[in-house]
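Asker: how would this look folded up:
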Amino acid sequence: MTRKELIVQKAIELFARDGFEATSIQKLAEASGVAQGLLYRHFKNKHDLLLHLVEMGLTQIAATLQPYHNPDLSFKEAFTQHIRSCCRLMQSEFMLWKVLHMTRQNATLMNTLSISADPAKLIVKPIRDKLRREGCRHPDMHAWMIFSLIDGVTSLYLVHPDQYPLRKMEKFIIEKISDYVC
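Answerer: Numbers count the residues shown, from 1 in each chain. Predicted coordinates for the structure are as follows:
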């Protein structure tokens with residue numbers, strides 16, 4: 001693991017545990033076992049580091065959406081792959097997604113970061129386009145409904161990981177998509 005990767009990993013851990021505001025550059029440097037100056041070599045400041053984490057998350061989101069771009073998959077097949085990918089990410093990258101969720105809930109921080117990509121639109125567009133190609137009536141509304149479902153599952157799992165039945169919900173959603181008509 002490179003020093004930059006170590007810094008990123010420690011930032012994810014500290015931001016998830018203590019919050020972004022409560023994590024100082026000094027605390028991050030100590031946890032990473034590096035001098036503060038080295039952190040500034042990789043990231044301009046703490047906000048730049050958080051923006052890097054957001055970009056990592058957006059890349060992961062884009063990867064989960066790839067099935068909608070595959071013309072050989074039906075909407076239901078693409079949706080099933082998307083749900084499975086999202087659930088795997090929530091478990092394998094839990095701490096990163098917890099940080100991203102906390103960031104998204106903080107309007108001031110979102111404005112400070114000047115995030116140009118709207119995650120909702122990033123997700124809604126490929127779903128809507130796939131539905132439109134399949135002749136769905138009201139593809140915009142269906143895509144927003146699906147986004148809301150995914151966003152709700154994600155939020156509940158990230159806030160209540162020990163109580164939320166993610167695997168059961170994944171299976172239930174996939175079973176229900178077979179009955180889905182738009």
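Asker: switch to C-alpha atoms for all contacts and neighbour counts from now on
Answerer: Noted.
Asker: list the buried ones in the helix or strand encompassing Phe172?
Answerer: Taking DSSP states H and E as the definition, one finds Phe172 inside helix 166-177. For helix 166-177, a neighbour-count test (16 or more other CA atoms under 10 Å) marks Leu166, Glu170, Ile173, Ile174 as buried.
Asker: residues contacting it, please?
Answerer: Helix 166-177 has contacts (CA atoms under 8 Å, 6 or more residues apart in numbering) with Lys76, Phe79, Thr80, Ile83, Arg84, Cys87, Val153, Tyr157.
Asker: let's see it at 6 Å
Answerer: The set of residues external to helix 166-177 that reach it, using CA atoms under 6 Å, 6 or more residues apart in numbering, is Thr80.
Asker: hang on, the earlier thing: export the buried residues of helix 166-177 to JSON lines and tack on pLDDT and distance to Ala62?
Answerer: Output for the buried residues of helix 166-177, formatted as JSON lines (pLDDT from 0 to 100; distance: CA to CA, whole Å):
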{"residue": "Leu166", "pLDDT": "97", "distance to Ala62": "21"}
{"residue": "Glu170", "pLDDT": "96", "distance to Ala62": "19"}
{"residue": "Ile173", "pLDDT": "95", "distance to Ala62": "21"}
{"residue": "Ile174", "pLDDT": "94", "distance to Ala62": "20"}
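Asker: out of those residues, who's nearest Ser114?
Answerer: Leu166 (31.6 Å; CA to CA).
Asker: can you lay out the buried residues of helix 166-177 as JSON lines showing distance to Leu38?
Answerer: Supplementary listing: the buried residues of helix 166-177 in JSON lines, determined by distance: CA to CA, whole Å:
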{"residue": "Leu166", "distance to Leu38": "39"}
{"residue": "Glu170", "distance to Leu38": "42"}
{"residue": "Ile173", "distance to Leu38": "46"}
{"residue": "Ile174", "distance to Leu38": "46"}
